[in-house]
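[1] have a look; sequence and predicted model below, questions after that.
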Amino acid sequence: MQRNYVIPFLIIGLITCSLEGNTTLPQVKDTLFHSDVKSGLTVERVRKTFVQADSGNLKGIPDNDRGKTRELLPNHFILGFSTGPGYLAGSIKDAKASFVSKGLSEKQVDDFFGQLRYGWTGDVNIHYLVFRHYGVGLNAFFFNTGAREWITFDPTGRGTILEGEWNKKTRVTYFGPGLIAEQSWGNPVQWEISVSLSAGIAGCHDENAFLESHVDLSGEALAATGSLGIQYFLNRHVSLGVKADLFATHLRKVTVSYDAYSTTVDLKKEKLAGISIENLSVADISAGMKIYF
């Protein structure tokens with residue numbers, strides 16, 4: 001009689017073991033898997049993926065599943081860098097009017113500041129994903145521009161005509177902490193959209209040369225920057241993409257250096273003739289790369 005009870009239990013046990021070893025998970029709705037479960041990952045392979053992803057070790061995971069495990073990694077770093085053309089979006093209306101009042105023609109002023117509007121940007125950033133889609137990090141940014149024009153004008157308004165090349169170079173740098181949010185899609189993951197915000201300190205250095213005269217302006221101010229980008233993954237460690245950025249800062253004080261003479265000007269209280277670096281907001285579109293590790 002005992003044998004009659006043992007045999008059914010053995011049959012049930014064999015069926016249960018077989019189901020555990022071969023069951024696929026198309027019905028799993030957990031967002032950690034998205035549509036990856038449709039590829040036929042078994043229960044044991046999914047468990048193995050979690051264990052190895054938690055330790056940051058992907059060795060032993062089949063090659064055709066490695067591209068899908070980036071979504072499972074709980075924490076990782078993102079190093080990004082990009083470069084592209086930038087546009088000086090701040091108003092230069094007052095600066096143009098000031099130079100016209102000194103005797104420059106409107107065409108000379110328009111040509112000069114038209115050159116100054118366009119420059120080159122670059123940025124480097126690193127973020128640590130605290131959560132799967134959100135991270136914190138550091139951002140660095142620069143914008144370089146310049147202009148050169150042959151001008152003739154009367155600086156005193158008394159018939160003293162000066163003629164020569166006016167050369168101007170403007171450099172803006174920025175550094176500060178930031179936040180990033182990203183969302184990826186694809187099976188395996190191929191595309192990602194990201195948004196980042198940052199606030200920090202910007203520095204500006206503006207060099208002006210005319211004839212034998214050299215005047216430098218410099219200052220620092222609070223600044224903020226934001227970007228929206230899209231990336232395409234070449235593999236689970238590298239992506240290429242494009243992004244649009246907006247950088248904003250507004251100088252309140254500048255240090256004016258002329259030969260051995262130096263003074264600080266408060267732009268809230270007095271107008272510095274011809275200043276063109278008060279509003280240094282920059283918009284740009286850049287291309288770059290991200291490295292995930």
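    It's in. Numbering: from 1, shown residues only.
[2] element containing residue 112?
    helix 106-117 (DSSP states H and E).
[3] pLDDT on that helix, on average?
    For helix 106-117, mean pLDDT rounds to 86.
[4] what does that helix contact?
    With CB atoms under 8 Å, 6 or more residues apart in numbering as the test, helix 106-117 has contacts from 87-88, 92, 95-96, 99-100, 145-149, 151-153, 166, 168, 170, 276. (Each C-beta comes from the backbone N, C-alpha and C, glycine too.)
[5] what do you get for stretch 131-141?
    Here stretch 131-141 has contacts from 71, 74, 78, 121-130, 172-183, 196, 198, 200, 225, 245, 247, using CB under 8 Å, 6+ apart.
[6] show only the entries of those found in strands.
    The strands, defined by DSSP state E, take in 78, 121-129, 172-183, 196, 198, 200, 225, 245, 247 from the contacts of stretch 131-141.
[7] show me where pLDDT drops low in this protein?
    1-75, 91, 154-160, 269-277 (pLDDT under 70).
[8] same thing but 90
    1-76, 88-114, 116, 131-133, 149-168, 184-190, 206-218, 235-237, 250-281, 293 (pLDDT under 90).
[9] tell me how it divides into domains.
    If you go by automatic domain parsing, the domain ranges for the chain are 2-72, 77-292.
[10] so which of the contacts of helix 106-117 are in strands?
    Checking the contacts of helix 106-117 against DSSP E, those in strands are 87-88, 145-149, 151-153, 166, 168, 170.
[11] need those in CSV with distance to residue 286 and neighbour count, can you?
    CSV is the format used below for those (distance: CB to CB, whole Å; neighbours: other CB atoms under 10 Å):
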residue, distance to residue 286, neighbour count
87, 12, 15
88, 15, 22
145, 15, 21
146, 19, 16
147, 22, 19
148, 25, 14
149, 28, 18
151, 33, 19
152, 38, 12
153, 37, 22
166, 29, 20
168, 24, 21
170, 19, 21
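[12] now the residues you listed in TSV, with distance to residue 238?
    As requested, these are exported to TSV (distance: CB to CB, whole Å):
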residue	distance to residue 238
87	29
88	32
145	31
146	34
147	38
148	39
149	43
151	48
152	54
153	53
166	45
168	39
170	34
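[13] next, give me the two most distant ones among these.
    Across the ones in strands among the contacts of helix 106-117, no pair lies farther apart than 87 and 152, at 28.8 Å, counting by CB to CB.
[14] hmm, back to that, which single one of the ones in strands among the contacts of helix 106-117 is nearest to residue 232?
    Closest to residue 232, out of all of the ones in strands among the contacts of helix 106-117 and judged by CB to CB, is residue 87, at 25.4 Å.
[15] what's around the residue nearest to that closest one when sequence neighbours are not counted, how many residues?
    Excluding its sequence neighbours, the residue lying closest to residue 87 (CB to CB, 6 or more residues apart in numbering) is residue 283, at 5.0 Å. When neighbours are defined as other CB atoms under 10 Å, residue 283 has 15 of them.
[16] which strands and helices lie in contact with the helix or strand where residue 283 lies?
    Of the helices and strands defined by DSSP H and E, residue 283 is found in strand 282-292. The elements that strand 282-292 packs onto, with contact taken as 3 or more CB pairs under 8 Å, 6 or more residues apart in numbering; DSSP states H and E, are strand 77-88, strand 118-129, strand 238-249.
[17] list the buried residues in the helix holding residue 112.
    108-109, 111-113, 116 (16 or more other CB atoms under 10 Å).
[18] can you list these in a markdown table and add distance to residue 216?
    Shown next, in a markdown table, are the buried residues of helix 106-117 (distance: CB to CB, whole Å):
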| residue | distance to residue 216 |
| --- | --- |
| 108 | 22 |
| 109 | 21 |
| 111 | 23 |
| 112 | 18 |
| 113 | 19 |
| 116 | 16 |
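[19] nearest to residue 82 among those residues?
    Among the buried residues of helix 106-117, and counting by CB to CB, the member closest to residue 82 is residue 116, at 22.7 Å.
[20] so what sits opposite residue 284 in the bridge?
    Taking DSSP bridges as the rule, residue 284 bridges to residue 86, residue 245.
[21] let me see the contact set for it.
    Contacts of residue 284 by CB under 8 Å, 6+ apart are 84-87, 121, 143, 244-245, 247.
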